[in-house]
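In: Need coordinates for the below:
(4 chains)
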2 protein chains.
Amino acid sequence: MTGVSTRRAATRDRLVEAAIAVFAEKGVLGASVEEICEAAGFTRGAFYSNFEHKDALCEAVLDALLADNLLAMNEALAAADALADADLGALIPSVIQVFLDSQRGGRTWALAAQELRLYAAREPALAAAYRAFHHRATTMFGTIMVEALHAHGYELTTDTADAISVLHAVHEYGTIGALIGSDAIDGDVKLRMLVKVLHAFIRPLT
Amino acid sequence: MTGVSTRRAATRDRLVEAAIAVFAEKGVLGASVEEICEAAGFTRGAFYSNFEHKDALCEAVLDALLADNLLAMNEALAAADALADADLGALIPSVIQVFLDSQRGGRTWALAAQELRLYAAREPALAAAYRAFHHRATTMFGTIMVEALHAHGYELTTDTADAISVLHAVHEYGTIGALIGSDAIDGDVKLRMLVKVLHAFIRPLT
DNA sequence: TGTATCGCATACACTCCTGTATCGAATACG
DNA sequence: CGTATTCGATACAGGAGTGTATGCGATACA
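Out: Numbers count the residues shown, from 1 in each chain, chains lettered A, B, ... in the order given. Purely as a prediction, here's the structure:
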């Protein structure tokens, strides 16, 4: 019985990964079920056997993205610990860079994440799932960041969730900007913006 | 002869407005040409007579969005002048609120703008057009903002373009967040975030 | 080793979209 | 007024995607 379910889980995973790739390329509504299946090496039979709607697939994708973000955050934290004796000014860019580098899939996953954000804004059925995703990601990131700052004798000057949201906003915006190749935004600019925002939102512990 | 071209321009405008609505609802790739034409009250004959590709339509949409943003900015500036004797702490939220309220189309245009951003990130043909759009919007916003701050005895603590980009990022992120109804982001939170970011990036003139 | 069940592929009937080529009404213009 | 031209509608041929119903090989289990 376990072998059976294992196989099923594997095809689900392959479909989810393929969906991320196709969503990134075509958008959620622009991605046909057929295209996703083909990218995963299946036919639509596999899809309809595993998911009821495309929306169900989207929820699974959100789970995968969340797991990836948390993983990248852990890598960044490990880097922070390794550099624990550096001063904060040098530490922050390094940690952010590690986080950015650790995000699996890079460009593709970032695009897919934003496609899902937009899709959730129009599709009430996914909005709930996205809220859950956002809430979990935000609180976990927030907790970790507050602790890390505290360990270095700093605190946020503003509400934790707000700070995380602003960082997330700049992160996503910068990713797209770098892809577009805007003369105003490339990869370095994105890092610089994140560092500035973070510096603007922290102060030494009172 | 003028009457003819006038008519043509009018149908182009209607197609552009319809495209914004459909892009907001379905995404750029998810929007069929047929759907856009139907929303505008035409058939595809009108479309293919006015635009070569969907990409050409997208460029026209960018122009419309830019014009709208500049218009909203002017309204916000007028409000700033009217409140010129208020202190900056009270002025900033008011001006931002006026800007947000003045944006034509509200939800719809904001969604369409982000759809186009994502589309441009994947479609080199549109990337150039988006760069031009972004550059013009950023420089005009930047100039205006620097002057307005200066008039009140303030300046930016960072590169103008970076500051505008961060504000734009938070603006777009907050718009979607409010639509999704995330427990962490509603309309007020968005305004609050923008105010915080702006405050974090200005200081009295040295 | 036989058989029940599971998991994905295949087949089918249907809808929707695309791009072009042609047509007809409205407008400009002499 | 009549004619030329412009602009958008219609017609057409073809491609692609959808969801369901059914088939078939592989795996589990007695």
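
In: Test for you: state the pLDDT assigned to A:Ala60.
Out: On pLDDT, A:Ala60 comes in at 97.

In: for it, phi and psi?
Out: Here the main-chain torsion angles of A:Ala60 (degrees, to the nearest 10) amount to phi -60, psi -40.

In: Find the nearest non-adjacent residue to it, please.
Out: A:Val16 (5.0 Å; C-beta to C-beta, 6 or more residues apart in numbering or on different chains). From N, CA and C alone the C-beta is placed, and that goes for glycine too.

In: Which secondary structure element is home to the one you found?
Out: Assessed by DSSP states H and E, A:Val16 sits inside helix A:2-26.

In: residues in contact with the most centrally placed residue in chain A?
Out: Most central in chain A under C-alpha atoms, centre = their mean is A:Asn69, positioned 4.8 Å from the mean C-alpha point. By C-beta atoms under 8 Å, 6 or more residues apart in numbering or on different chains, the contact set of A:Asn69 is A:103, A:137, A:141.

In: Tell me which other helices or strands the helix or strand harbouring the second one touches.
Out: Yep, that's A:Ala137 we're talking about. Per DSSP H and E, A:Ala137 falls inside helix A:124-151. Secondary-structure packing of helix A:124-151 (3 or more C-beta pairs under 8 Å, 6 or more residues apart in numbering or on different chains; DSSP states H and E): helix A:54-82, helix A:107-122, strand A:154-156, helix A:160-180, helix B:160-180.

In: try 10 Å
Out: helix A:54-82, helix A:88-102, helix A:107-122, strand A:154-156, helix A:160-180, strand A:202-204, helix B:160-180 (3 or more C-beta pairs under 10 Å, 6 or more residues apart in numbering or on different chains; DSSP states H and E).

In: Which residue would be the closest one in chain A to DNA strand C?
Out: Closest residue of chain A to DNA strand C, C-beta to the nearest atom of the strand: A:Gly45 (2.0 Å).

In: In contact with A:Val8, which residues are there?
Out: One thing to correct before we go on: residue A:8 is Arg, not Val. A:46, A:49-50 (C-beta atoms under 10 Å, 6 or more residues apart in numbering or on different chains).

In: try A:Leu29
Out: A:23, A:54, A:115, A:118-119, A:122-123, B:25-31, B:115.

In: The nearest residue to A:Thr175 once chain neighbours are set aside and B:Ala200: what is the separation?
Out: Spatially, and ignoring its direct neighbours in sequence, A:Thr175 is nearest to A:Ala110 (4.4 Å; C-beta to C-beta, 6+ apart). To B:Ala200, A:Ala110 is 25 Å away according to C-beta to C-beta, to the nearest Å.

In: just how off-centre is the helix or strand of chain A with the lowest mean pLDDT within its chain?
Out: Every helix and strand of chain A was ranked by mean pLDDT, DSSP states H and E. The lowest is helix A:88-102, at a mean of 87. Relative to the chain's own centre, helix A:88-102 is displaced by 16 Å; criterion: C-alpha atoms, centre = their mean, to the nearest Å.

In: do stretch A:29-37 as well
Out: Remark: stretch A:29-37 is offset 22 Å from the chain centroid, using C-alpha atoms, centre = their mean.

In: Counting neighbours, which bits of that stretch end up buried?
Out: Residues of stretch A:29-37 classed as buried by neighbour count (16 or more other C-beta atoms under 10 Å in any protein chain shown): A:29-31, A:33, A:35-37.
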